[in-house]
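*Asks:* For reference, the sequence and a predicted model appear below.
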Amino acid sequence: MEIGLTVGLLVAVVAANGLLSGASADQSIKQLPARRRIGVLAYSDYSRAGDLGNGIAWYATVGVGAAVLSTIVAIMVLSQDPTGSQTAAAVTLLATSVIHMAITARAAPTNISQRRHVGDEQALTQLFNRFERLQTARVLFNLAALGSAIWTLMTTLDAS
């Protein structure tokens with residue numbers, strides 16, 4: 001079986017969304033809850049060193065890359081006379097990717113704003129609580145985008 005461009009790109013979309021889902025789940029399941037054990041000031045020190053250091057380039061590359069690739073490939077699938085199942089899957093992929101990026105557009109500045117509150121435990125507690133709510137929504141849409149990417153790949157393979 002020859003792997004066409006669309007299928008190859010869909011495999012890349014699944015991989016990119018899988019990587020992003022893993023990174024997001026790590027932050028939601030492991031990193032953010034740790035602030036309750038080590039304290040918000042220590043967590044903020046860690047977050048500024050990691051998330052706001054090398055993490056900015058990492059998250060921007062993986063997050064924006066997955067969303068842009070997902071959007072382009074979903075539109076590509078929709079422009080190729082798709083089956084009903086392909087249409088449903090690609091529209092879902094497109095929607096979940098756009099929603100994820102919209103949430104990220106609020107979550108990222110929230111996390112970055114901790115730089116203005118160094119040493120202010122009360123402000124950091126409120127900030128990280130708000131960020132955690134946004135991050136929870138973001139990881140759910142991230143996982144939905146991953147599922148949609150897999151669904152789009154499967155319906156495209158079925159249509160081949």
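*Replies:* That came through fine. Numbering: from 1, shown residues only.
*Asks:* measure the closest residue to residue 24 other than its chain neighbours to residue 132 for me?
*Replies:* Computed as Cβ to Cβ, 6 or more residues apart in numbering, the closest residue to residue 24 that is not its neighbour in sequence is residue 139, at 4.3 Å. Placement of C-beta: from N, CA and C, glycine included. Distance, residue 139 to residue 132, by Cβ to Cβ, to the nearest Å: 10 Å.
*Asks:* cool, residue 69 as well?
*Replies:* For residue 69, the distance to residue 132 - Cβ to Cβ - is 27 Å.
*Asks:* List the buried residues in the biggest helix by length in the chain.
*Replies:* Criterion DSSP state H: the longest helix present in the chain is helix 121-159. Of the residues in helix 121-159, 123-125, 127-128, 131-132, 134-135, 137-153, 155-156 count as buried by neighbour count, 16 or more other Cβ atoms under 10 Å.
*Asks:* Same check on stretch 85-92?
*Replies:* So, applying 16+ other Cβ under 10 Å, buried residues of stretch 85-92: 86, 89-92.
*Asks:* just stretch 44-59 next, same as before
*Replies:* So for stretch 44-59, counting by 16+ other Cβ under 10 Å, buried means 44, 47-48, 51, 55, 59.
*Asks:* intersection of neighbour lists for residue 139 and residue 132?
*Replies:* residue 28 (Cβ atoms under 8 Å, 6 or more residues apart in numbering).
*Asks:* ok now do the residue most central in space within the chain, which residues does it touch?
*Replies:* The centroid of the chain falls nearest to residue 142 when counting by Cα atoms, centre = their mean (4.5 Å). Applying Cβ under 8 Å, 6+ apart, we find residue 142 in contact with 17, 20-21, 24, 100.
*Asks:* ok, so of those residues, who is nearest residue 76?
*Replies:* Using Cβ to Cβ, residue 17 comes nearest to residue 76 of the contacts of residue 142, at 15.7 Å.
*Asks:* Give the burial count for that closest one, as a bare number.
*Replies:* Neighbourhood size, residue 17 [other Cβ atoms under 10 Å]: 28.
*Asks:* same question for the strand or helix carrying it, mean pLDDT?
*Replies:* Taking DSSP states H and E as the definition, residue 17 sits inside helix 5-26. Regarding helix 5-26, the rounded mean pLDDT is 96.
*Asks:* Who are the packing partners of that helix?
*Replies:* helix 65-78, helix 121-159 (3 or more Cβ pairs under 8 Å, 6 or more residues apart in numbering; DSSP states H and E).
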